[in-house]
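Trainee: with the sequence up front, the predicted model follows.
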Amino acid sequence: MIAEDLITRVAIMASLPVSVVERVLHEHGLASELTGAFPRPVRVRRLRIAGTRSVAPLGPFTSDIRFGPGLTVLAADNLRGKTSVFELLIWCLRGSPRSGLQGVVRSWLARLDCDAVVAGRHLGFRLRMKGGELVDGRVLSASDGDSLVGIDTAQHDRGVVEILHATSQDAFSVMVEALMMELLHLETLESTSSRAASGRATYGWPAYFGALYLPPGGEPALLGDLVVGGLAGRLLQVFLDLPSAALLTRIRAARDQLADADRIAEADAARMRLLFDGQRRATLEQLEASRSELAMLHDQPSIAALVEAVSTLTASAVAADASLREAHQTYELLRWQRRVDEKRLNDVRESQAARSLFHALDPQVCPRCEAPISPERRAAERTRAICAVCTEPTGRGTVDPQQAANAEREGQWRLTTSRNAEVAARAHRDAIAAYAEGRRSALADAERALAMARTGEAADRRRELVNRVARLEGAVAALESLPVPAEHRRDDLRVVLDATVAILSEEQEAASDSLFGELNADIAELARGFGFRNLDRIVVDRAGRLQVYKTGGPREWFRTQSPGERLRLRIAVVVALLRIGHRHGIATHPGLLLIDSPRSEEIQDDDAVALLTALERLCVETPGLQILVTTADEGLVRRALTESTIIAPAGPGQPLW
Amino acid sequence: MHPVSTTDVDGDHVTSREQDAIRILLIIASAAVPLPQPPNDDPALADAVAVLESQVRLQKLDFWVRNPDFFADELLNEFEWCGDIDLLHQAEAILESEEPEVRRYPMMRFLFGAYEPLDDALAVLRSAHLVVRRKRGSADRVQQHDYYLTRPGRETADCILRDAPAFAYFVDRTRAVAALADGHRGTHLKDRQYQQGEYRDTAIGARIATIAPRVRARLRQYLDRPRHQNERPAGVG
């Protein structure tokens, strides 16, 4: 699908102008990736190795290896440098060595030249080493391969230009990666990852390169040398050129990241809303308080009225105080009177009781000399009112009960009267006291108001309040009009991303059904051709999971297959990808395949012969396919192969380079 | 307005001989120490059942009965001394009421302290053979008077308890005073009375002024302070 088409469809789906969609995709660095298919063949032509060997044969060496266009077999005994050739090719083409390259071998190297054709361009990789480390790395570009032979630097007269130059391993690998990705129209593979700081994990050229150098049979990954989340599936999708697979991956990751950002932004916005709410409420309260105070100040009467009020209240407060003093004195007087009456009543009762008591007792002795009182005297007192003690006429000695009762009644009456009077006086005094208190406090209020009015305090306060109310009203208005933090452009972006994902997914869905159908059939056919026995069918899905159905058997998985079977399946997958690419004219696998020692992958001689023969035939049949294979059995390959390049040491037991 | 003392109610009033006699009888009946047997040398004491020793003691007890403000003050002293919270409550009950005003019968201060001639009241009691006074000591120098309560005296006191509601107040008060004074001899009691400033400074022959306002203020101090201080007041032990 071409970019313009996609943008138009996204614009329609998102109900946005095309210009907005273009702007959004452009601003987020996604527009340039909306590309169609590009051819991405990679072909190696020559590898030149120079350095000083520290084992036999000791000394300086220079070795030049030329690879054929189709199948090239590197045949040498074990430990004679077959695998090293692959590793050195990788160092050049990938830009960085794999950890598989032996340290001792690295230390021999002084220079490494590799000429290759990448997407139609002739490139010369020129690496200079010291102590096993790259010290100078360049990539030259020429119009034809022959121009690069023997050339180390740019030669403009021969049409050779230097397209990158680095003096450290790190810089060289970064530059090579960028170059290869650009030339091969590959996009960075991305996936969301909680482990990466950016939230996204990215995979570049080294990850793609893993699909060129097939891992040993025992490795679990179908494609690539990294077993990370869905990488095999992503490589498969890119190489099968499911429409904009990498773009879809990137947009999905961007959308996921956007969703995360939105969540965070929403949490921030919620916090802000809470903060604004609190501020608004507090401001409203202050505003309300200021307004009501202001309203009270507006109700203040004039100074003349205040003076009048103070003078009236002063007069009434003074009068009230005088009344209170009077009421208090009255109360005290009446209370005193009541107490006197109470005491007198007690006294009357006690004295009467005492007199009654003692007069009921007969005198026994003279209180003075203690001489007994005779019965005759006591009788004389009773009959003739002659005192039994002193013999004087008693006269008032007897108690008149009527008189005593009268006296007590009078005392009782007086007490009741004075008690009632006291109660009334107290109530009166309390009422007057409350009234006086009210007058005093009203006077104090009036005096304060007058004092404020006189000093202009009220006017100042009113001005201050007017200003304050205005300020608070402004603050409230500002707080109420404050927008909830949100970015409208982001909404556009979300809509565009959603639409893009939807369209691309749909495209991919439709395309993948047919493409994967073809792929499954091709893989099964190829694997059978490589000697995979009893294989009924293969089902590989977009996640890179490969299911194996053997004749009459249950479903099996790639990772449960034997190493030899896995090797066959990997080769079959890559070749099938290439064939489908050619068939449909879409970009696909670069077409370079490095296969290390199929013999060691538990492949029987007969099978190995069958595999090599099949690979040779494939290379002949399949344009753009270059396969490099290592083997320890030179005789076998020389017997089996007719159309291939065989590279072998000069003599038995000699190193390959 | 008339100058009115709201604390000294009817200060000039004098109680009757019979009232005094009843009050003295009740004090002696409450405070006298029971005799196991009557003294055998005096026929007049043949039916004596208890004795109150010392005229000073009798007069001090009478002083407290007639002056509730001083009695309340003494209750507070005792409370401060021994920390018995009941004493504080007793003082509070007196001072919160009008007793200091309504039940006050001021006394003339005489040479020996709070002194009121008791002879009239004692004559009434002696004539009816309720109380018999006896002198003790050498012929020329009287050291002490003893007041013997006779059996008719005890019976009359009990009769007043039962049948004379007018004297209910005195019955209760004499008991309370006797309880406070229990164990204190007359001279010691007098010392305690002299601790009260108003009483000490009163001119001889003048009536003793009320101390009710001061004692009420003192009570407030005790009531207002934190409870735990009242539970264990300073001066204990």
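Mentor: Structure received. Numbering: from 1, shown residues only, chains lettered A, B, ... in the order given.
Trainee: going by C-alpha atoms from here, please, whenever you check contacts or count neighbours.
Mentor: Fine.
Trainee: middle-most residue in chain B, spatially?
Mentor: Taking CA atoms, centre = their mean, the centroid of chain B lies closest to residue B:61, which sits 2.3 Å from it.
Trainee: that one - that's part of a strand, no?
Mentor: No. Checked against DSSP: H, G, I helix; E, B strand; the rest coil, residue B:61 lies outside a strand; its state is helix.
Trainee: what's the burial count for the closest residue to it other than its chain neighbours?
Mentor: Spatial nearest neighbour of residue B:61, excluding adjacent residues (CA to CA, 6 or more residues apart in numbering or on different chains): residue B:177 at 6.6 Å. For residue B:177, the neighbour count with other CA atoms under 10 Å in any protein chain shown is 23.
Trainee: cool, and residue B:102?
Mentor: A count of nearby residues for residue B:102, using other CA under 10 Å, gives 23.
Trainee: measure the most far-flung residue of chain A relative to its centre to residue B:152 for me?
Mentor: When distances are taken from the C-alpha mean of chain A, residue A:376 lies farthest, 126.7 Å away, according to CA atoms, centre = their mean. Counting by CA to CA, to the nearest Å, the gap from residue A:376 to residue B:152 is 22 Å.
Trainee: also residue A:333?
Mentor: Distance, residue A:333 to residue B:152, by CA to CA: 45 Å.
Trainee: how about the helices of chain B, start to end?
Mentor: B:17-31, B:55-66, B:68-82, B:85-96, B:99-102, B:119-127, B:151-163, B:168-181, B:186-194, B:197-200, B:212-224, B:227-231 (DSSP state H).
Trainee: still on that earlier bit, now name the helix or strand holding the residue farthest from the centre of chain A.
Mentor: Assigned by DSSP states H and E, residue A:376 belongs to helix A:375-384.
Trainee: look at residue A:68 and report its pLDDT.
Mentor: Residue A:68 carries a pLDDT value of 86.
Trainee: quick one: secondary structure of it?
Mentor: Following three-state DSSP, residue A:68 is assigned to coil.
Trainee: so what touches the top strand by length along chain B?
Mentor: Using DSSP state E, we find that the single longest strand of chain B is strand B:142-150. With contacts defined as CA atoms under 8 Å, 6 or more residues apart in numbering or on different chains, strand B:142-150 is touched by B:28-29, B:32, B:45, B:47-55, B:129-137.
Trainee: before we move on, what about stretch A:612-632?
Mentor: The contact list for stretch A:612-632, computed with CA under 8 Å, 6+ apart, reads A:41, A:43, A:68-78, A:82-83, A:529-530, A:578-579, A:591-599, A:637, A:640-641, A:643-644.
Trainee: now the longest helix belonging to chain A against helix B:17-31, angle please.
Mentor: Ordering each helix of chain A by length in residues (DSSP H) puts helix A:303-360 first. Going by axes from the mean of the first three to the mean of the last three CA atoms, to 10 degrees, helix A:303-360 is angled at 80 degrees with respect to helix B:17-31.
Trainee: counting by contacts, list what helix A:303-360 packs against.
Mentor: helix A:401-455, helix B:17-31, helix B:99-102 (3 or more CA pairs under 8 Å, 6 or more residues apart in numbering or on different chains; DSSP states H and E).
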